[in-house]
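# Kindly generate the corresponding structure for this input.
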Amino acid sequence: MLKLKVNDIEVEVEEGLTVLQACEKAGIEIPRFCYHEKLSIAGNCRMCLVEMEKSPKPIASCAMPAAEGMNIKTNTEFVEKARKGVMEFLLANHPLDCPVCDQGGECDLQDQSMYYGVDKSRFKENKRMVPEKNMGPLIKTQMTRCIHCTRCVRFATEVAGVPELGAIGRGEDMQITTYLEQSMQSELSANVVDLCPVGALTSKPYVFEARPWELKKTETIDVMDAIGSNVRVDTYDWEVKRVLPIINEDINEEWISDKTRYACDGLLHQRLDTPFIKYNKKFEKASWAEVFKIIKSKFENTSKEKICGFIGDLNNMETGYVFKEFFDRTLNIKNYETRSDNRYVDVSQRKNYIFNSSINGIDESDLIFLVGCNPRYEATILNARIRKAYLNNNTKIVSLNEAGDLTYPYKNLDGQSQTLKDIFENNHELSKDIINSKKPMIIIGESFFRLNSSKFLFSKINEFLKKNNKFLDEWKPINILSCDASAVGNFDIGLINNEKNLLSELKEHKFEIIYLLGQDNLNFNKENEFIIYQGSHGDNGAEIADIILPGSAYTEQDGYFTNLEGKVQKAYKASYPPGEAKEDWQIINEIAEYMNNRKLFNDKDELESSMFNYLKLKQDKEKEIQEFYDHNFLEFQNEKLFLDIKPYFFSNVIARSSKTMIECNNSKLNFKSTGTEG
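Residues are numbered from 1 along each chain as shown. Model prediction:
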């Protein structure tokens, strides 16, 4: 530890920290524009100048390493004069358009100029003008405001791994631009809007929408993928205006994907706001009492075995639990399912369907093996973590399939299931690498579980890693990459049927009543089935429905979500459902009451309490399960593993309803959404 003085306060800091970090440890805030904790040091704004004993000139604290015995002053007249001079330089060419700038109220330059700005500039030259750049449908540019902090350039190069931003020209003629005047081809591109300390890069969909002090801010959870990014939803009245990241070092650090940030305009479009009944192939508005009456009549006059239910990908855990209870207790059947395809899932133990090593664990791993997944499009934030591990630790990365540009180099195998079998039977060069690695990570995507041999291979992977002592108390090497926000929560609750193949029976038209709860991804042809659809948007499920029950989106109800690594997080209500729409759990509770004159749960608290008791009992039972591996009864066949991933910008109903996502999809000409071959 190094000892130094900051404003006569003695501070102890670790070796390798900068003077700026030492000052912050002493509780002193240093103004800065170019410095950012997650980016490399540039030292080009000079706003962080401080006085150091025995130094004739002020020093840039962000770039100066802390040393033993330093005596730093941050509040002297000398420092203030230096910072005022820097501010005068920064404002020399800055346009006077704060009243019409979207950054107003959240602008670092505005805040710092209040402290260090001068009332009269000594510069008499004309201000420069920089033409606007084309950075796609998400980022609005006004580069005349740019102060050349290069945060955006460093983010694109270091974090996003898509080095498409850079500087051209020198001195006053320097400009930040995309190299080919095109939109940034990164799923993290809009984070530069948060990073920009001035109004040079602002949000294009949000332009002139609202001022920050007019918005109600709600901290909640994102549902666009299974990462569970921590976000802040800003609303004006009941309308969601924007989504911003919240710092959570364990999950999303301080980044969010473009889909998380901008799909929120889909909450406005194609909304279901009143119950509908289909008469003569046309939907007509109805009251809640009418639809409940028809549903009760249908359920009472249909054999139990002819009823089934499918739950979707954006529902919170309370909704899933009350849906299960409705089928178990009210209808007394277990024909419910959360999967929309015939993929193998072993729910006997939780470790078989979660990301066991945790997102943070990626930083510790020395070997990452990707099996049937494309983390860039299936879990963008997780992909950024893998890139970070590669940059910081030179982690070796191998993929069974060719997955395109993942923003980091990786070794590509042939995509055959036989190759996978050879690896985990110790007949491949990668087998030795896995055995020799201290903390290997096997990341398995949903495409793998669609293989006919997935059960055999999954068992083989488990056995091989167990045999070679890779399962430790603090390290579990098998990681399942779920794609949907509800996936792990639904598996925890038990919304899965391994006794019957409900999807096959559905396609064979064995059911008379189908209850779709936010499920829009089923691929079957309707014949005479009576379909009840409950959801927030008029999408595929509503199109084939006979009765539509308007539910709520994730920003319109409190609810728990479990992310891919098994962390339970609560999403909070930021807005209100439109029209006559209700919260999802409430609709099912009222149907149960209409049928039995008795609610399943008296209130939300009772529902939550019952759900967490169920999860605890399930967890206790899991501890008693004994593991064994027997491959004799499992079949293996050599087959090609294809990466079958959802179109990135249209992966759920909210994204499909978003105009911004349509524009993004149209702008990314080189983007391959599905069918990437291994």
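# same for the longest helix seen in the chain, what does it pack against?
Counting by DSSP state H, the longest helix found in the chain is helix 604-622. In terms of contacts (3 or more C-beta pairs under 8 Å, 6 or more residues apart in numbering; DSSP states H and E), helix 604-622 is packed against helix 317-325, helix 487-493, helix 584-596. The way it works is simple: take the backbone N, C-alpha and C, and place the C-beta from them, glycine included.
# closest to V193 out of those helices?
Distance to V193, taken as C-beta to C-beta, is lowest for helix 487-493 among those, at 29.6 Å.
# right, and the helix or strand after that closest one?
Counting by DSSP states H and E, the next helix or strand C-terminal to helix 487-493 is helix 502-507.
# Turn the helices and strands packed on helix 604-622 into CSV, including mean neighbour count and mean pLDDT.
Shown next, in CSV, are the helices and strands packed on helix 604-622 (neighbours: other C-beta atoms under 10 Å; pLDDT from 0 to 100):
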stretch, mean neighbour count, mean pLDDT
helix 317-325, 26, 94
helix 487-493, 26, 93
helix 584-596, 21, 92
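# can you put those helices in JSON lines and add distance to M135?
Shown next, in JSON lines, are those (distance: least, C-beta to C-beta, whole Å):
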{"stretch": "helix 317-325", "distance to M135": "38"}
{"stretch": "helix 487-493", "distance to M135": "33"}
{"stretch": "helix 584-596", "distance to M135": "38"}
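# ranges for the strands of the stretch 351-500 of the chain?
367-371, 396-399, 411-412, 440-445, 478-481 (DSSP state E, counting those that start in this stretch).
# In a markdown table, list those along with mean neighbour count.
Formatted as a markdown table, the strands of the stretch 351-500 of the chain follow (neighbours: other C-beta atoms under 10 Å):
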| stretch | mean neighbour count |
| --- | --- |
| strand 367-371 | 25 |
| strand 396-399 | 20 |
| strand 411-412 | 12 |
| strand 440-445 | 25 |
| strand 478-481 | 25 |
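# Out of these, which gets nearest to I41?
strand 396-399 (26.8 Å).
# Direction included, what does that closest one pair against?
If you go by DSSP bridges, strand 396-399 pairs up with strand 367-371 (parallel), strand 411-412 (parallel).
# Indicate which one of the ones you listed is closest to R350.
That would be strand 367-371 among those, by C-beta to C-beta, at 19.6 Å.
# Could you figure out how far the closest one is turned away from strand 440-445?
20 degrees (axes from the mean of the first three to the mean of the last three C-alpha atoms, to 10 degrees).
# export strand 367-371 as CSV, just CAs?
Output in CSV follows, covering the C-alpha atoms of strand 367-371 (Å, rounded to 0.1, in the frame of the first residue of the first chain):
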residue,chain,number,x,y,z
LEU,A,367,-10.9,-21.7,-21.2
ILE,A,368,-14.4,-21.0,-22.7
PHE,A,369,-16.0,-23.6,-24.9
LEU,A,370,-19.1,-22.4,-26.8
VAL,A,371,-21.5,-25.2,-27.7
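# Outside of it itself, list whatever touches it.
362, 386, 389, 395-401, 403, 410, 420, 430, 433-434, 437, 439-445, 448, 641 (C-beta atoms under 8 Å, 6 or more residues apart in numbering).
# at 6 Å what do you get?
With contacts defined as C-beta atoms under 6 Å, 6 or more residues apart in numbering, strand 367-371 is touched by 395-400, 433, 437, 440-444, 448.
# Format these as TSV; extra columns: pLDDT and distance to D97.
Below are the contacts of strand 367-371 laid out as TSV (pLDDT from 0 to 100; distance: C-beta to C-beta, whole Å):
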residue	pLDDT	distance to D97
T395	91	45
K396	93	50
I397	93	46
V398	93	51
S399	93	48
L400	91	53
D433	91	57
S437	91	55
P440	92	54
M441	93	49
I442	93	53
I443	94	47
I444	94	51
F448	92	53
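# Pick out whichever of those sits closest to E300.
Of the contacts of strand 367-371, the one sitting nearest to E300 (C-beta to C-beta) turns out to be F448, at 42.8 Å.
# What's the separation between the residue lying closest to the closest one once chain neighbours are set aside and I443?
Distances taken as C-beta to C-beta, 6 or more residues apart in numbering put G372 closest to F448, at 3.2 Å, once the chain neighbours are dropped. Distance, G372 to I443, by C-beta to C-beta, to the nearest Å: 9 Å.
# so where is the protein shaky, pLDDT-wise?
180-182, 625-633, 669-678 (pLDDT under 70).
# For Q534, identify the helix or strand it belongs to.
Using DSSP H and E, Q534 falls in strand 530-535.
# Which elements pack onto the next helix or strand after that strand?
Following strand 530-535 in sequence order, the next helix or strand is helix 540-543 (DSSP H and E). Applying 3 or more C-beta pairs under 6 Å, 6 or more residues apart in numbering; DSSP states H and E, one finds that helix 540-543 contacts strand 530-535.
# Neighbouring strands - and their directions - for the strand it packs on?
According to DSSP bridges, strand 530-535 has the following sheet partners: strand 513-517 (parallel), strand 547-550 (parallel).
# now the angle between helix 584-596 and it, please.
140 degrees.
# what separates strand 530-535 from the chain centre, distance-wise?
28 Å (C-alpha atoms, centre = their mean, to the nearest Å).
# was I right about S399 contacting Y410?
Yes - contact criterion C-beta atoms under 6 Å: S399 and Y410 qualify, at 5.1 Å.
# quick one: common contacting residues for these two?
If you check S399 and Y410 against C-beta under 6 Å, 6+ apart, no residue is contacted by both.
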